[in-house]
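Novice: 3D, please:
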Amino acid sequence: MIVFRDPAEIPADFGPTVVAIGKFDGVHIGHRAVIDRMRADAAAADAKAVAVTFDRNPLEVLRPEICPENVVSTERKLELLADLDLDATLLLTFDRALASLEPEEFVRTILVDALHVVTVLVGVDFRFGRGGAGNPDLLRKLGPLHGFTVDVVDDVHPEGAERRVSSTWIRELLAAGDVVGAAKVLGRPVTVTGEVVHGLKRGRELGFPTANLSEVIDALAPADGIYAGWLDDHDTGIRHPAAISVGTNPTFDDVERRQVEAHVLDESGLDLYGHQVTVEFTDHLRGMVAFEGMDALIHQIARDVAEARSRLAQDERSSSADMP
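Specialist: Predicted coordinates:
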């Protein structure tokens, strides 16, 4: 997938295109419904499939006081879009200049002049242009003037759910530690990726060494607590079962920031420092609490490790049973 970071980078002969526009934060199952339709429309029109998105949540510029955390980083978003077999993504810098564009100017300069669009796909609640004045109805009015059609994709509801899929819902699920529910709405497991760095080495002192992820990770971590999951080592390609902690270690109260750390099960002597790893959360085991003394903490960690091992074994048995 080609990534354009400015309309000026797009070659003059690039196109025709079918374009899907959106924030695509999380690239969840609702976003993928739009992109699946886009690919089908592009194939029918013998055109290129292009996502148009932004380098930040527009609220970061327009209303920073209410801007939520991103579900995934911008670079992770591009990776997820690349996995969907697109021809290109145009990543627009959302600044005051872009925010001030009138909707008609956005359509003309970006969609028509730069991308030579023949079909535009958006969700039903899509807004664009100065003051959010642009919407699907305006796109439908502008389409005949510029030679493109508009395809509005309805909201997506997970099976059995009345609520529509949204990044807001995913944030709420993560904040509740519901990684199973979040995975259903995302359409993939909840993961964070980062570099393993040196920590306080307290886990090693307690008999349960952990791989501490750097402060910079590529996605929103779930609520403070203990989880079962996996650690995928990018350097070796090995996937390790793990018990995972997210939080600030309230028993000792000396960790200034939330951190993700994973204890690899049934392994000793692993040296993961400097490795790029992905931590995958499969089950929430308990919330984060402060313990009265080291003995109580060690006893609980041992129980957490045993529970994580049991949950992961159950998940593997369930996955094997589901295979044809």
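
Novice: residue 161 and residue 222, how far apart?
Specialist: Here residue 161 is placed at a distance of 19 Å from residue 222 (Cβ to Cβ, to the nearest Å). Where you see a C-beta, it was placed from the backbone N, CA and C, and this is true even at glycine.

Novice: which one of these two is surrounded by more residues?
Specialist: Neighbour totals were compared for residue 161 and residue 222, and residue 222 leads with 22 against 13 (other Cβ atoms under 10 Å).

Novice: pull the contacting residues for residue 91.
Specialist: Contacts for residue 91 (Cβ atoms under 8 Å, 6 or more residues apart in numbering) come out as 3-5, 53-55, 74, 78.

Novice: among those residues, name the ones in strands.
Specialist: Mapping the contacts of residue 91 onto strands (DSSP state E) picks out 3-4, 53-54.

Novice: can you put the residues you listed in JSON lines and add neighbour count and pLDDT?
Specialist: Shown next, in JSON lines, are the ones in strands among the contacts of residue 91 (neighbours: other Cβ atoms under 10 Å; pLDDT from 0 to 100):
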{"residue": "3", "neighbour count": "15", "pLDDT": "98"}
{"residue": "4", "neighbour count": "19", "pLDDT": "98"}
{"residue": "53", "neighbour count": "21", "pLDDT": "96"}
{"residue": "54", "neighbour count": "22", "pLDDT": "96"}
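
Novice: can you pull the phi/psi pair for residue 138?
Specialist: Dihedral pair for residue 138: phi -70, psi -40, per degrees, to the nearest 10.

Novice: next, count neighbours for it.
Specialist: With other Cβ under 10 Å as criterion, residue 138 counts 17.

Novice: could you do residue 234 as well?
Specialist: Neighbour number of residue 234 under other Cβ under 10 Å is 12.

Novice: residue 293 now?
Specialist: For residue 293, the neighbour count with other Cβ under 10 Å is 9.

Novice: repeat that for the one 3 residues further on.
Specialist: Applying other Cβ under 10 Å, we find 12 other residues in the vicinity of residue 296.

Novice: cool, and the one 3 residues further on?
Specialist: In terms of burial, residue 299 registers 12 neighbours under the definition other Cβ under 10 Å.

Novice: how about residue 30?
Specialist: Count around residue 30 with other Cβ under 10 Å applied: 25.

Novice: list the contacts for it?
Specialist: Counting by Cβ under 8 Å, 6+ apart, residue 30 has contacts 123, 155-156, 164-166.

Novice: redo that, cut-off 7 Å
Specialist: Listed by Cβ atoms under 7 Å, 6 or more residues apart in numbering, the contact set of residue 30 reads 155-156, 165-166.

Novice: return the members of the residues you listed classed as buried.
Specialist: 156, 165-166 (16 or more other Cβ atoms under 10 Å).

Novice: excluding chain neighbours, give the residue nearest to residue 104 in space.
Specialist: Distance criterion Cβ to Cβ, 6 or more residues apart in numbering; nearest residue to residue 104, sequence neighbours excluded, is residue 142 at 6.6 Å.

Novice: with that, I have no additional questions.
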